[in-house]
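Colleague: Next comes the sequence, and after it the predicted model I'd like to discuss.
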Amino acid sequence: MIEQAKLSILVESAKYDVSCSSSGSRRKNTKNGLGNADFGGICHSYTPDGRCVSLLKILMSNDCIYDCKYCTSRCTNSVRRATATPEEICELTVEFYKRNYIEGLFLSSAVHKSPNYTMELLYQTVKKLRFEYNFNGYIHLKGIPGADKLLIERAGFLVDRMSFNIELPSVHSLKLLAPQKKKENIITPMKMLAEDKYFITPTKRRKDFMPAGQTSQMIVGASPESDAHILKLSEFMYKTYKMKRVYYSTYTPTNFDTSLLPQEQSSLLREHRLYQADWLLRFYGFTSDEITGEKGFLDEEYDPKCAWALNNPHLFPVEINLAPLETILRVPGIGVKCAYRIIQARKYTKLDFNDLIRLRVVMKRAIHFITCKGKYLGEKNLTLIKRRLIGGDNLENCKQLSIFELNQTALSALTGEL
Amino acid sequence: MKIFTIEKNVDGLLTALYYSFTEKIVPDAVEDVKTFQPRFDGVVINVQTNLSFSERVKSALCKYAGEDVIYQLKICLMCKDYHSLLHAFNYAYLILKYRKDVSNMMGEKFVSNFSFTVQKVLHERHVFTGLIRFRESLNGVLYARFSPDNDVVELLFPHFFRRLGNSPFIIHDVSRNKLAISNGNKVTIVHTEIPANFTPAQSENAVNQLWKKYFNSVNIKERTNIRRQENFFPRRYKKYCYETWE
């Protein structure tokens, strides 16, 4: 079994990879096999940073030949190095899996010796796991940019999901911060994995080749690109490379020796807003231009849907009993499930506000943007709507009135006199 | 106020529906006869389970709303909520009244109550597919203890049965003394109050230590967000998750 110290080194280097989802695959167990995949994905634990533990996230090696400025495993960084063997990874995965600690394996690696050598190592590990250990659980493999096409394709037939990290949102930043990584080496395998021969229909993948599709990840806040630029790039990747997900990772300072990188952690709220905007791109029919508007950056005060609705007051309020699904999806406080529930429920009866509460619509947001049977119960003034929407976040500035304060407000609170 | 007291199972519920339709009595409350607390203000009607009546109602429900409705009623009854019986009764009553599938009538109070109760149980089942922690015993049996809010053992074991293949396993609901025991080929549900005698395998401690090490290493300290962790991972669920133990 792998040693604790080695495990610690390899996991600590892998923890900045954001993706930990185990969804999208319906892999079944085989006779005498171990494991299967759950289509919705399963979270097995939650760490104190609030992220879920679904997969065993580990590097094959953190002994890297590249010098990417933002990375802890860069060759110029003085950290402990370790390389695991395929047996160690397989054994650990199986032991954790059968105790239900994890849903599968997320295997990545630093570029150890050469891209092809590393990719070969990853491929051998996955192959061993599938054929020697009869493991049928979820496997997410991180592809190594610059590795041979044949190796990548062969690995694709064994894993549920593969991903190549785009790393930074622009070629300029990539050249500056990861000079050994070439744009072509990242883009070419992405294109390859999106080829038509791996698809049954334009959106549905073959069962035997990466059924959970491909994803990518970029670092936010290490380079000066705007949210508009980032979302535009994500939108392009969703359309062109048929991505399942694009992940955003707030830059956490790990390199204090360069002036090319910020020395403070970027805003986590920005990352949160980007994820919200990403959801709007994928499930709500928004385009990146609509979400970011002219400012180029997402509003930190409101979520992107609220911000869009406030910028387009002429489109609201929407009559909930008549509006089409596409319009209902754009109302703040109404999610995809809720929108479908509304469409179903209104076939039988005209809905009012109480019905919407029962359907789990978030009324504190939605109420300002909808009418039910022609009635409007929200605020009439845009400034008041903004204040209401922001209300929850401003509670920190509020304080309990004290009976000992003798100012006018406190006195009127005591006497009830206005 | 009319109160039906019934056995908390599908047959008991369906018999109550039969009684309600034949006697033209619509109850204000439906309660489990085992846990019923007598009141001053109610007329209590105890409905005895009758399998032939329940079979007639079952076939009618399946005819109007499909086979799945019986499964959903069963799930609703697994909910520990006080009103789960009433929600299931009202939902089935509505199907028989309208003689059609009412699942999409979410504007109806009875339908939404039923639907969210079912969702609550299924959600907990989903959560425990992740939070159950097996320990390997000396003879190779995987044993897990847990105490769910709702009675989800029966919903959980098929998941692990598919997943663990030939490996024998036991899932033990400690709060209800209910066990799902699999020998690799067949699963049996057992009720017992005898405490489980568990001797861990030799490798168990080493794997456990590795798991704790992994859990601590994968956390990013700069991003600590305990509130978010506790939203997803309530304290009552941490009892059997070794990685969170100090």
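Modeller: Looks like it came in fine.
Colleague: ok, B:A29 touching B:I6?
Modeller: No. Judged on Cβ atoms under 8 Å, B:A29 makes no contact with B:I6 at a distance of 10.9 Å. For glycine as for every other residue, the C-beta is placed from the backbone atoms N, C-alpha and C.
Colleague: In terms of packing, which of these two has more residues around it?
Modeller: B:I6 (26 against 18; other Cβ atoms under 10 Å in any protein chain shown).
Colleague: Quick check on that one: phi, psi?
Modeller: phi -140, psi 170 (degrees, to the nearest 10).
Colleague: mind checking pLDDT for it?
Modeller: With respect to pLDDT, B:I6 scores 94.
Colleague: Give me the distance between it and A:A228.
Modeller: With distances taken as Cβ to Cβ, to the nearest Å, B:I6 is found 61 Å from A:A228.
Colleague: which residue is nearest the centroid of chain A?
Modeller: A:Y247 (4.0 Å; Cα atoms, centre = their mean).
Colleague: now the strands for chain B?
Modeller: B:2-6, B:29-32, B:43-46, B:135-136, B:142-146, B:169-173, B:178-182, B:187-191 (DSSP state E).
Colleague: Out of those strands, indicate the one that is most buried.
Modeller: Greatest average neighbour count among the strands of chain B goes to strand B:169-173 (a mean of 23), per mean count of other Cβ atoms under 10 Å in any protein chain shown.
Colleague: Give me the packing partners of it, helices and strands only.
Modeller: Strand B:169-173 sits against strand B:142-146, helix B:153-164, strand B:178-182, with contacts defined as 3 or more Cβ pairs under 8 Å, 6 or more residues apart in numbering or on different chains; DSSP states H and E.
Colleague: Can you say which of the ones you listed is nearest to chain A?
Modeller: helix B:153-164 (5.4 Å; Cβ to the nearest Cβ).
Colleague: Which of the residues in the closest one are classified as buried?
Modeller: B:V153, B:E154, B:L155, B:L156, B:F157, B:H159, B:F160, B:F161, B:R163, B:L164 (16 or more other Cβ atoms under 10 Å in any protein chain shown).
Colleague: Can you tell me which of these lies closest to A:E319?
Modeller: Closest to A:E319 out of these is B:L155 (40.1 Å), distances taken as Cβ to Cβ.
Colleague: what's around the nearest residue to the closest one once chain neighbours are set aside, how many residues?
Modeller: Closest residue to B:L155 apart from its sequence neighbours, by Cβ to Cβ, 6 or more residues apart in numbering or on different chains: B:R125 at 4.3 Å. Number of residues near B:R125 (other Cβ under 10 Å) recorded here: 19.
Colleague: Quick check: the residue of the stretch 151-300 of chain A nearest chain B.
Modeller: A:T252 (5.1 Å).
Colleague: so how far is B:W245 from the single nearest residue of chain B relative to chain A?
Modeller: Residue nearest to chain A within chain B (Cβ to the nearest Cβ): B:R228, separated by 3.0 Å. From B:R228 over to B:W245 the distance is 20 Å, taken as Cβ to Cβ.
Colleague: which of these two has more neighbours?
Modeller: The residue with more neighbours, out of B:R228 and B:W245, is B:R228; 15 against 10, by other Cβ under 10 Å.
Colleague: didn't the more buried one look like it was pressed against A:G50?
Modeller: Yes. Using Cβ under 8 Å, B:R228 is in contact with A:G50, at 3.0 Å.
Colleague: And for residue 152, the neighbour number?
Modeller: Here I'm looking at chain A. So A:I152, with other Cβ under 10 Å, has 22 neighbours.
Colleague: Chain B is the one I meant
Modeller: Count around B:V152 with other Cβ under 10 Å applied: 26.
Colleague: In this model B:V121 seems to touch it, though I could be wrong.
Modeller: Yes. Proximity of B:V152 to B:V121 meets the contact threshold set by Cβ under 8 Å, at 6.5 Å.
Colleague: which neighbours do the two share?
Modeller: B:M78 (Cβ atoms under 8 Å, 6 or more residues apart in numbering or on different chains).
Colleague: For the most far-flung residue of chain B relative to its centre, give its distance to A:P253.
Modeller: The outermost residue of chain B, judged against the average C-alpha position, is B:E222 (38.3 Å), by Cα atoms, centre = their mean. With distances taken as Cβ to Cβ, B:E222 is found 8 Å from A:P253.
Colleague: Over to B:L14?
Modeller: 64 Å.
Colleague: Looking at the two, which one has more neighbours?
Modeller: B:L14 (27 against 15).
Colleague: Let me see the contact set for the more buried one.
Modeller: B:F53, B:S54, B:V57, B:K58, B:L61, B:A92.
Colleague: Counting neighbours, which of these comes out on top?
Modeller: B:A92 (30 neighbours).
Colleague: So what's the residue count around A:D227?
Modeller: For A:D227, the tally of surrounding residues (other Cβ under 10 Å) stands at 23.
Colleague: Need phi/psi at it.
Modeller: The phi/psi pair for A:D227 (degrees, to the nearest 10) is phi -60, psi -40.
Colleague: so what's it up against?
Modeller: Contacts of A:D227 by Cβ under 8 Å, 6+ apart are A:R270, A:R273, A:L274, A:A277, A:T292, A:G296, A:F297, A:L298.
Colleague: give me that answer again for 6 Å
Modeller: Applying Cβ atoms under 6 Å, 6 or more residues apart in numbering or on different chains to A:D227 gives the contacts A:T292, A:F297, A:L298.
Colleague: The first one: what's its closest spatial neighbour, skipping adjacent residues?
Modeller: Okay, so that is A:T292. A:A228 (4.0 Å).
Colleague: what kind of secondary structure is the one you found in?
Modeller: Assigned state for A:A228: helix (three-state reduction, DSSP: H, G, I helix; E, B strand; the rest coil).
Colleague: My read is that it contacts A:G293, right?
Modeller: No. A:A228 lies out of contact with A:G293 (Cβ atoms under 6 Å); the separation is 8.3 Å.
Colleague: Of those two, which one has the most company?
Modeller: Neighbours per residue, other Cβ under 10 Å: of A:A228 and A:G293, the larger number sits with A:A228, 19 against 16.
Colleague: three-state assignment of A:K380?
Modeller: Classified using three-state DSSP, A:K380 is coil.
Colleague: and it, what pLDDT?
Modeller: pLDDT recorded at A:K380 is 86.
Colleague: Now it: phi and psi?
Modeller: phi -90, psi -20.
Colleague: To what extent is it buried, counted in neighbours?
Modeller: A total of 8 residues lie near A:K380 under the criterion other Cβ under 10 Å.
Colleague: ditto for A:E103
Modeller: Neighbours of A:E103 (other Cβ under 10 Å): 30.
Colleague: wait, what's in contact with it?
Modeller: So A:E103 contacts A:S22, A:I42, A:S54, A:L55, A:Y138 (Cβ under 6 Å, 6+ apart).
Colleague: quick one, strands of chain A?
Modeller: Under DSSP E, chain A gives strands at A:45-46, A:52-53, A:55-59, A:104-108, A:138-142, A:161-163, A:214-220, A:245-250, A:318-319, A:370-371.
Colleague: Mean pLDDT and distance to chain B for the ones you listed - can I get that in CSV?
Modeller: Below are the strands of chain A laid out as CSV (pLDDT from 0 to 100; distance: least, Cβ to the nearest Cβ, whole Å):
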stretch, mean pLDDT, distance to chain B
strand A:45-46, 94, 4
strand A:52-53, 94, 6
strand A:55-59, 96, 6
strand A:104-108, 96, 10
strand A:138-142, 96, 11
strand A:161-163, 95, 18
strand A:214-220, 94, 13
strand A:245-250, 94, 8
strand A:318-319, 96, 16
strand A:370-371, 96, 15
